[in-house]
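Participant: below are the sequence and a predicted model for it; my questions follow.
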Amino acid sequence: MTSEMIRTLPAELVIAAAVLAAFSGVPILMMRGIDPRFGQRLAAAVMVIAAIIGTTSAIAVILNRTRIFYQLAWPLPFGPAELSVDPLAAFFTLPILIIAAGSSIYCLDYRPAAKNPRTVRKMTFFFGVLVSSMLFVVSAHSTGLFLLAWEIMALAAYFVLTTDDHAPEVRDAGTLYMICAHTSTLLLFALFALMFKMTGSFVFPDAGALTATQPLATTFYLIALFGFGFKAGIMPVHIWLPSAHANAPSHISAIMSGVILKVGIYGLIRTISFFTGVPLWWGASILVLGMVSGIVGVLYALGQHDIKRLLAYHSIENIGIILIGFGAALIGKSVGSSTLFLLGMAGSLLHVFNHATFKALLFLGAGSVIHAAGTREIDRMGGLLRHMPWTALAFLVGAVAICGLPPLNGFVSEFIIYLGLFSGLLDHSGVTIVALALAAPALALVGGLAVACFVKVFGIVFLGNARQNAPASPHEAPSGMLAAMALLAGICIIIGIAPMVAFPLLNSALQEVFPSTSQLPTLASVIPAFWISVLALCIFIGTALIWSWYRNRLKQTRTEKSATWGCGYLAPSCRMQYSASSFAGTLVDFFSGILAAQRHRPCFTGHFPQSSRFESHVPETVLEKGYLPLLNYLYKKSLPIRKLQHGHLHLYILYTFITLIILFAAGN
C-alpha cells in the first residue's frame, strides 16, 4: 500500500461509513420475508459498525489534517458534484455517528419490532437514510450535492418524526417541521445563487477566498444566517423545534436535538469561513442572537410541564451558547484578537460536541422515564429514583452537564467561552467591550436558570412520592437502553475529567477552516486544562467519599421508612408535593412579560364546592402571537389570487406560456 493510499484511506472510510449507514435499514424494508426483529438488530449492528469505522477514521483525518476531494460524475445541473473530507467536516461527523450508534442500540429495547410491527420498517429505514444524509451534508463541497443531501435529510427527518402518525399532534408537528425545513431550503437556493454570482462556480470556495467588503457579502451573510438558522433552531426561527422534539420517539428526539441542529451550525460556520475581513457587526449580531436564544430558551423551558418539550427548549438555549462563542470568535477576528478568536471558536465547537452528548443522554433518559411511567407530564411522575436508580443516575449526569457545572463536559466548553469573553474585556474597548460585557452575564444567567430548571425536573420526577395516576409498578429500563445511556454518560465524564483529549481535534479543525489561524497559540497554552482535571477529580473523589460515609452511616443507624414531603401533616398525600407549576411559579411570574403564562383557575361556589383543578401553561408566543396571525392575515388577503386556481387545464397552459415569454424576455 502506497503512502498516498494510506493518507487518503481515513477520508475514504468516512465516506464508506456514510454509505453503510444509508444501507443499514434496507434489508428490513426490502426483504419482506425477513423477521422484523432480526432486521432491526441487523440494522443496529450495521449502524454501530459504521459508527466505529467512521469515528476512528474521522479522528485520523482531524489529527493528520487531511483534506481529500472527490468528484462524482452526474448528469444533474449546478456543476460537478464534489465531496471534501477535511478536519471541520470530520469534527461534525463525530457526534453524528456517536449519537446514531447510541440511538440504534437504545431503539432495540425502546421500540422493539415485536411490539411495533406497523412502524418498525419505516422508522429503521429512514433512520439510516437520515444519518447518511447528514454525513453527506457535512462532506459536500458543491452546491448541488449539498442541496440534494440537505433535502434528503429534511424528508428522512420528517418520516422518522412522524413514526406515530396516527396521533393528530404528531402530524401537526411534522407539518410544521416540513414547512420550516422547506423555507430553509428555499433560502439556501437563494444563498447558493448568490455564491455563484460572486464566484462564478457552484463549487464551494476555499476558506478566506472571498472578501466581506464586496457588494453581495452582506446579503449572503443574512440569507445564510436565517437559512441555516431555521435548521439550527435559532430564535425567532425556532418554531418547529419544541413540537417536533416533543412528539418524536425519544431516540429520534435525541438525534434531532443532538445533531440535526448542529448541521445548521455547521452550514453557518462553513459559509462564513469563505470570507476574510469579516465586519464587526457580523459577530455582534450572532452574539446578540445567541444571548436571546439562550435566555429566552431556558425561560420557556422553566415553564414547561412536558419533559420532552422542556428538553427541546433547552436545545434552543444551548444553540444560544454555541452562538455566543461563535459570535465572540468573529468579533475577535474582526478586531485582530487571536486569543478571543481562539477561545470563542474552540468553546463553540467543543460545545457542539458536548451538547450532542449530554442532550442525547437526557432525551434517552426521558424516554426511559416515559417508557416506565407511561406519560410525558412531569406532574404525574414522582419517586422514580427507587424504581429506576440507573436511569436516574444517567439523567443526573446529563442534568449536571447541561447546567455547565463541574466535573462534566458542559462546564469545560462554557468555561472556555467565559475565558474568551473575559480576555476580550481585558484587551479591548469601544463596541467590542460593550458586546462582550453583555454576553458574560447573559451566559451566567442562562446557567443559573438551567440549574433551577433541572432541580425542578430531577426533584419532581425522581424524588418524593409517586403521584396520582402513576402506574403501579414503574420499572428500570432494559439493558440495551441503559447501555446507550452509559455510553453517552461516559463521554460526558471523560471530557469533564480530561478536556485536553479534545484540544488536538479542536486545534486542527480551527486551523483548517480559518487558515490565518496557523499562527495562533495552542489551546493547551491558554486554557488551564490541568487544573480543570484536578478540580474534576477532587469533586469525583469527594462525592465518592461522602457517599461511602453516608452508606456506612445508614448501615449503623436504625432507620424507619415514612412518606416524604410531609409538610407537618400526620397523613400527607402525594398532592402536597411541589408540582412543576408551583416550583417554577416565582421565576415564571418574574419573567411574565416574556413568557405570558396562561392560568386556568378553579371557580368555587357555595359552602361545599365540588372538586376542581388548576391548570397553567406557557404558550409558544412567537408562533401563536407572531407567525400564525401574520400568516392568517396573508391568507385572507391572498384569497382573490386563489381564483386563478380553477381547474381549467387550458388556462394553466396559458399561464405557463406567458411565464416562458417573460423569462425569455428577461434573459435577453
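Facilitator: It's in.
Participant: enumerate every residue touching Ala193.
Facilitator: With CB atoms under 8 Å, 6 or more residues apart in numbering as the criterion, no residue contacts Ala193. Bear in mind the C-beta positions are built from the backbone N, C-alpha and C, glycine included.
Participant: again, 10 Å this time
Facilitator: For Ala193, the contact set (CB atoms under 10 Å, 6 or more residues apart in numbering) comprises Phe78, Thr143, Phe202, Ile223.
Participant: now whichever helix or strand it is part of: average pLDDT?
Facilitator: Using DSSP states H and E, Ala193 sits within helix 168-199. The average pLDDT within helix 168-199 is 91.
Participant: contacts for the helix or strand just after it?
Facilitator: Going down the chain from helix 168-199, the next helix or strand is strand 210-211, by DSSP H and E. By CB under 10 Å, 6+ apart, the residues outside strand 210-211 that reach it are 195, 198-199, 216-217, 220, 271, 273-278.
Participant: now with 8 Å?
Facilitator: Counting by CB under 8 Å, 6+ apart, Met198, Thr199, Ala217, Phe274, Phe275, Thr276, Gly277 sit against strand 210-211.
Participant: in strands, which of those residues appear?
Facilitator: Among the contacts of strand 210-211, the members falling in strands (DSSP state E) are Phe275, Thr276.
Participant: let me know the closest of the contacts of strand 210-211 to His166.
Facilitator: Nearest to His166 among the contacts of strand 210-211, counting by CB to CB, is Phe274 at 45.2 Å.
Participant: for the closest one, what are its contacts?
Facilitator: Met195, Phe204, Pro205, Asp206, Ala207, Gly208, Ala209, Leu210.
Participant: now for the residues you listed: which two are most distant?
Facilitator: Within these, Met195 and Gly208 form the most distant pair, 14.8 Å apart (CB to CB).
Participant: of the two, who's got more company?
Facilitator: Counted by other CB atoms under 10 Å, Met195 and Gly208 do not tie: Met195 has more neighbours, with 23 against 16.
Participant: ok, the more buried one touching Phe220?
Facilitator: Yes - counting by CB atoms under 8 Å, Phe220 is a contact partner of Met195 at 6.9 Å.
Participant: low-confidence ranges, the chain, go.
Facilitator: Counting by pLDDT under 70, the chain shows low-confidence ranges at 1-7, 428-430, 468-473, 515-518, 561-576, 580, 599-602, 604-617, 646, 667-668.
Participant: can you give the domain ranges for it?
Facilitator: Using automatic domain parsing, the domains assigned to the chain come out as 278-519, 624-667.
Participant: give the contact list for the residue minimising distance to the centre of the chain.
Facilitator: Closest residue to the average C-alpha location of the chain: Ser257 at 3.1 Å, with CA atoms, centre = their mean. By CB under 8 Å, 6+ apart, the contact list for Ser257 reads His245, Leu311, Ala312, Ser315, Lys359, Ala360, Phe363.
Participant: helix or strand for Ile493, which one?
Facilitator: helix 479-497.
Participant: now do the strands in the chain.
Facilitator: Ranges of strands within the chain are 68-72, 81-85, 210-211, 275-276, 598-600, 615-617, based on DSSP E.
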